[in-house]
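Student: Dropping a prediction and its sequence here:
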Amino acid sequence: MKRIEWMEKYMADAERLFYENRVDEGLGMLNNLLYEEPGYGSLHNHMGWAYLYYTADTERAELHLKMAIRFDESFPAPYLHLGALYIRQGKYNEAITWLKSGLTKHQPNPIAFLQNIAQAYELQGEWSNAIKAYKEAMLASVAEQEVNSLMESMKRCRRKRLTLFFSRS
């Protein structure tokens, strides 16, 4: 979908309001933009992001993130946010499905997607898959702090796997 620059400016302004903890004003601004262009995927992504991270309204977050994908399925951000939403809700298989799908879109952030996939696997006790995803994320990164964090995550999964192995003996 083609970018609508004037809307992107207003969405950036709304984003600043969220960072300033002026959530109602930011949501109001985004909701007003819906009247201008209800089929703009980036706007729905922003709304889903806002509802997910700045309110407790996960139903609206999910609705807007799915609308973002419906209107622009090549945009990777809503897949990442939807994956995070499903991880929060304990719907790990759904999260992994959406995250893997988003990873195939144009210019995704592979580290963020792979790290979320790894977390979903880890939380459902699939430590080998989690380690594999953390390793892939680590190989995609050049930031030392990020690499160290991902290595620690792999170590944590190995410890969990060993703990489970010895607790069954």
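Tutor: Yes, it's here.

Student: List the buried residues in the strand or helix carrying residue 42.
Tutor: Residue 42 belongs to helix 41-54 when assigned by DSSP states H and E. By 16 or more other C-beta atoms under 10 Å, the buried positions in helix 41-54 come out as 41-52, 54. The way it works is simple: take the backbone N, C-alpha and C, and place the C-beta from them, glycine included.

Student: The next helix or strand after it to helix 41-54, inter-axis angle?
Tutor: For helix 41-54, the succeeding helix or strand toward the C-terminus, using DSSP H and E, is helix 58-71. Here helix 58-71 points in a direction 160 degrees away from that of helix 41-54 (axes from the mean of the first three to the mean of the last three C-alpha atoms, to 10 degrees).

Student: How far off centre is the strand or helix carrying residue 96?
Tutor: Using DSSP H and E, residue 96 sits within helix 92-103. Centre-to-centre, helix 92-103 and its host chain are 10 Å apart (C-alpha atoms, centre = their mean, to the nearest Å).

Student: Using PDB, list the CA coordinates for the helix holding residue 42.
Tutor: Below are the C-alpha coordinates for helix 41-54, written out as PDB (Å, rounded to 0.1, in the frame of the first residue of the first chain):
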ATOM      1  CA  GLY A  41      -3.100  -0.400   6.900                       C
ATOM      2  CA  SER A  42      -0.400   1.700   8.600                       C
ATOM      3  CA  LEU A  43      -3.100   3.500  10.600                       C
ATOM      4  CA  HIS A  44      -4.700   0.300  11.800                       C
ATOM      5  CA  ASN A  45      -1.200  -1.000  12.800                       C
ATOM      6  CA  HIS A  46      -0.700   2.200  14.900                       C
ATOM      7  CA  MET A  47      -4.100   1.800  16.500                       C
ATOM      8  CA  GLY A  48      -3.400  -1.900  17.200                       C
ATOM      9  CA  TRP A  49       0.000  -1.000  18.700                       C
ATOM     10  CA  ALA A  50      -1.500   1.700  20.800                       C
ATOM     11  CA  TYR A  51      -4.300  -0.500  22.200                       C
ATOM     12  CA  LEU A  52      -1.900  -3.300  22.800                       C
ATOM     13  CA  TYR A  53       0.900  -1.400  24.600                       C
ATOM     14  CA  TYR A  54      -1.000   1.600  26.100                       C
END
